[in-house]
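> how does the following fold in three dimensions:
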Amino acid sequence: MTHGSAIQSFRETLQRDRVVGILRGAPDASLPAVAEAVRRAGLTFLEVTLNTPGAYSQIRVLSKLLDGSCQIGAGTVLDPASASEAVDAGAKFLVSPGFFPALQSWANDRSIPTLPGALTPTEIWNAWSAGAALVKIFPARSVGGPGYFKELRGPFGQVGLLACGGVSADNAAEYIRSGANALAFGGSIFAATRLRDLEVEAIARDIQALLQAARNPPASG
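Model (predicted):
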């Protein structure tokens, strides 16, 4: 698969499935429960942030547990060195809090999809034109939530946008109606207490609710 088709395939799948989970600081003992909840809910994209202790090992473990039913990516990726280690561990995509040209170039050369963070129109366009699969608008809640996406759609109708920061089942549909192509969630569902107590049912239920809202947003009215 060529670089262009690999990135396009990832982009189309994410825009269809609509949701990325963010696992940050999860205890190793919680990973089987996380995998079970993700499988039950039908989540197809999950990132492990690299500032999690043992992140590379967790990417390996989750990749094995989920066995292709969910793509495992690396989050909080800041440079090519950490990206390389994450990919060696099994990461299929890379997520960053900002747009880092050296990292993007490294990923482009290897046909690895990226979701770099951006906030301003200039940052968004720079990330998109450099080859991002989607541009992660972060922190989405801090810049006005769904309304910001509606404004961005004027000049950036062709740019793939992912909302991250303050996304929940309650506002997911509004983000999608306002122009977000996909959404990301983290601690609101993967809460520390839930991970500690291995609350598979609660995690799966809330992921399902978010998926339903994002994939089948009711018309506003």
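
> centre of the chain to stretch 120-130, how far?
Centroid separation between stretch 120-130 and its chain, computed with C-alpha atoms, centre = their mean, to the nearest Å, is 18 Å.

> so residue 122, which state does it fall into?
Per DSSP: H, G, I helix; E, B strand; the rest coil, the local secondary structure of residue 122 is helix.

> so what's the residue count around it?
Residue neighbour count, defined by other C-beta atoms under 10 Å, stands at 9 for residue 122. C-beta here means a position set from N, CA and C on the backbone, and glycine is covered the same way.

> quick one: contacts for it?
Residues touching residue 122, when contacts are defined by C-beta atoms under 8 Å, 6 or more residues apart in numbering, are absent altogether.

> what residues sit buried inside the helix or strand of the chain with the lowest mean pLDDT?
The element with the least model confidence among the helices and strands of the chain, by mean pLDDT, DSSP states H and E, is helix 3-17, at a mean of 91. Using 16 or more other C-beta atoms under 10 Å as the burial criterion, the residues of helix 3-17 that qualify are 7, 10-11, 13-15, 17.

> stretch 93-101 now?
Result for stretch 93-101 [16+ other C-beta under 10 Å]: buried residues 93-97, 99-100.

> got it, and stretch 192-207?
Of the residues in stretch 192-207, those buried (16+ other C-beta under 10 Å) are 194-195, 198-200, 203-207.
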